[in-house]
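> quick check, what structure comes out for this input:
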Amino acid sequence: INGVVKTKADANNQILVEIDWMIHDANGRKIGQVTQLHDLSLSDITPYWGDVAAAAATEGAGGIHEAVQNATLKKTSADK
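Below you'll find the model as predicted:
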């Protein structure tokens, strides 16, 4: 699993945080991607970035789990 975080200021004086999680199998093939978008104020991020990052990772874990399950089901179906 690889994660990429991008941020950009928006028109409402908020920070748009985009987190892309790329999920690969043991052979390095991409089996899924989860994208999270969070519109946060600077006061939500600073000085709490560690807590914000932990919450985002926890949220992303559900999508990552689902992507792995879907890939496993596809592989099982293809093996039949």
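
> ok but Pro47 is inside a helix, no?
No: assessed with DSSP: H, G, I helix; E, B strand; the rest coil, Pro47 is coil; it does not lie in a helix.

> Ala11: how many residues sit nearby?
Counted by other C-beta atoms under 10 Å, the residues lying close to Ala11 total 5. For every residue, glycine as well, the C-beta is placed using N, CA and C.

> give me the secondary structure label for it.
Following three-state DSSP, we place Ala11 in the coil state.

> show me the contact partners of the least confident helix or strand in the chain by mean pLDDT.
Ranked by mean pLDDT, DSSP states H and E, the weakest helix or strand in the chain is helix 42-45, scoring a mean of 84. For helix 42-45, contacts defined as C-beta atoms under 8 Å, 6 or more residues apart in numbering pick out Asn13, Ile15, Val17, Val52.

> kindly reformat these as a markdown table containing secondary structure, neighbour count and distance to Ile64.
Formatted as a markdown table, the entries for those read as follows, by DSSP: H, G, I helix; E, B strand; the rest coil; neighbours: other C-beta atoms under 10 Å; distance: C-beta to C-beta, whole Å:
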| residue | secondary structure | neighbour count | distance to Ile64 |
| --- | --- | --- | --- |
| Asn13 | coil | 8 | 31 |
| Ile15 | strand | 17 | 23 |
| Val17 | strand | 19 | 17 |
| Val52 | helix | 15 | 18 |
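
> list just the nearest of these to Ser77.
Using C-beta to C-beta, Val17 comes nearest to Ser77 of these, at 35.8 Å.

> Glu66 sits in which helix or strand?
helix 49-79 (DSSP states H and E).

> list the helices and strands that helix packs on?
Helix 49-79 sits against strand 15-24, strand 30-40, with contacts defined as 3 or more C-beta pairs under 8 Å, 6 or more residues apart in numbering; DSSP states H and E.

> which one of these lies nearest to Thr7?
The closest of the helices and strands packed on helix 49-79 to Thr7 is strand 15-24. By C-beta to C-beta, the value is 5.3 Å.

> and the closest one, how far out from the chain middle?
4 Å (C-alpha atoms, centre = their mean, to the nearest Å).
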